[in-house]
Each structure stands twice: as C-alpha cells, then as structure tokens.
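Peer 1: using only what follows, build the 3D model:
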Amino acid sequence: MPSKKAVVLLSGGLDSATTLYIAKSEGYLCHCLVFDYGQRHRREIEAAKKISRLAGCPLEIIKIVLPWKGSALLDDKIKLPNSKAKTPNQIPVTYVPGRNIIFLSFALSFAEGISANAIFIGAHAQDYSGYPDCRPEFYAAFKKVVSTGTKAGVENKGIKIRTPLINMTKAEIIRLGNKLGVPFESTWSCYEGGKKPCGRCDSCYFRVKGFREAGIKGK
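Peer 2: All right, here's what the predicted structure looks like:
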C-alpha cells in the first residue's frame, strides 16, 4: 500500500483526470476532491465521480456557494463565449473570481488534516493563458502560503503543490493521459450540460484541437 498520500483536485475534465493518473503513477494514495460550487450543470461532477471510481480512489464532494457570481459559469444570464469570438489577451467571462485560490485553500486544509504529502492540480498555462490563476507565478506564490501559513509548513513537513501539466500543451496532456490509461471517454469538458458537448465553447474547441494535434481519435 502506498506510504505517501495526495489530495487531487478533480473537476471531471481531461486535465484533472490526467493529473490524477499521474499522481497514481508516482505511487501516491490519492484522495479526490470535487467542488459543487453552483456551476451551470452537474455533468462534470458526475464525470468526476465516475473517474474516481475507475481509478479506485476515494472521493470527497464539497458544496460551496458563491452568491456574488461574477462568471458565465455561475450566472446563466451571462452568455458563454463562442470559441470563434475569443478576444486575445482578455480574461474570459468563464473566469470564476478566486476559484483556484478557494479550491486550493480547501485542498490544503484537507491535506493537512489527513497528513498528505502533496496536492495535485491540473492547471496548465498554455491553452488557458487568459486565467490568472493558471499561471506558474500564482502557484509559486501559493507555495509560500503553504510554507508560512500552515502547521506542516512551520514544522518543515511541507505539503507540495504539484502542477505537472503547467507547461504542457493540450495535445501533450492527451498523449500522456492516453499512455497512462486515462478514461477520456468518461471525462466532460463542455461548459454546457447537455447530452452531448456543444462543440462551440472554448473548452470544446481546445479539447477537439488537442485530440487532433495529438493524433488520437477524440473520445
């Protein structure tokens, strides 16, 4: 049985699923953490449940409320962006204020509570450069929070913040996930919650583009 433990932030998408399988491949006993934060649909939560089950990892679902909204993912009055209408160098309306800060704070408390050695998150900077909380600089700063603001950090039993996908392209992530046996067919990327992906939103666009560039049939 693995002697080291990790908390893995699992959204139900292909990036977080690949991150989970990376952590498993490194010998971690993984505890998946999923957030029900009032997002437009529950498809990704159901996907996360299935992925954790297929990976044989325990799952915790945390329900939180962000009543101030401020994102197209939280407010159905805000139109989801079409990938063809994307504006370069502009933070997209799908950005959720402080989301990764909130998620990592919960994950840090969880990790400290179970004496985990690491937190894994599937952020990557290249395709989603519009999100400020997906940049390497943000995670470098959060590592300082861990070292100075936790009992584990003060006692030099630091909890690592692992971002194994941070500098990878979507195609590279898909190739790696395919090699690790990630059940991509069980992941959900679309911002809409229909029976099938919409094929129009940013997330659908990057998924299709990634599989095409990876030379792997899309799932």
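
Peer 1: and the residue of the chain most remote from its centre, what's its pLDDT?
Peer 2: Centroid-distance maximum for the chain: residue 155 at 28.6 Å, with C-alpha atoms, centre = their mean. Listed pLDDT for residue 155 reads 90.

Peer 1: for it, give me phi and psi.
Peer 2: Dihedral angles of residue 155 (phi, psi; degrees, to the nearest 10) stand at phi -90, psi 10.

Peer 1: kindly provide the distance from residue 160 to residue 76.
Peer 2: 37 Å (C-beta to C-beta, to the nearest Å). Placement of C-beta: from N, CA and C, glycine included.

Peer 1: more neighbours: the two, which one.
Peer 2: A direct count of neighbours by other C-beta atoms under 10 Å for residue 160 and residue 76 places residue 160 higher, at 14 against 11.

Peer 1: so what sits opposite that one in the bridge?
Peer 2: According to DSSP bridges, the residues that bridge with residue 160 are residue 118.

Peer 1: so what's residue 152 up against?
Peer 2: 111, 112, 146, 158, 159 (C-beta atoms under 8 Å, 6 or more residues apart in numbering).

Peer 1: going C-terminal from the lengthiest strand in the chain, what's the next secondary structure element?
Peer 2: Across the chain, the longest stretch assigned as strand under DSSP state E is strand 28-36. Next along the chain after strand 28-36, taking DSSP states H and E as the criterion, comes helix 43-55.

Peer 1: and the angle for that following helix with strand 28-36?
Peer 2: Using axes from the mean of the first three to the mean of the last three C-alpha atoms, to 10 degrees, the inter-axis angle of helix 43-55 relative to strand 28-36 is 160 degrees.
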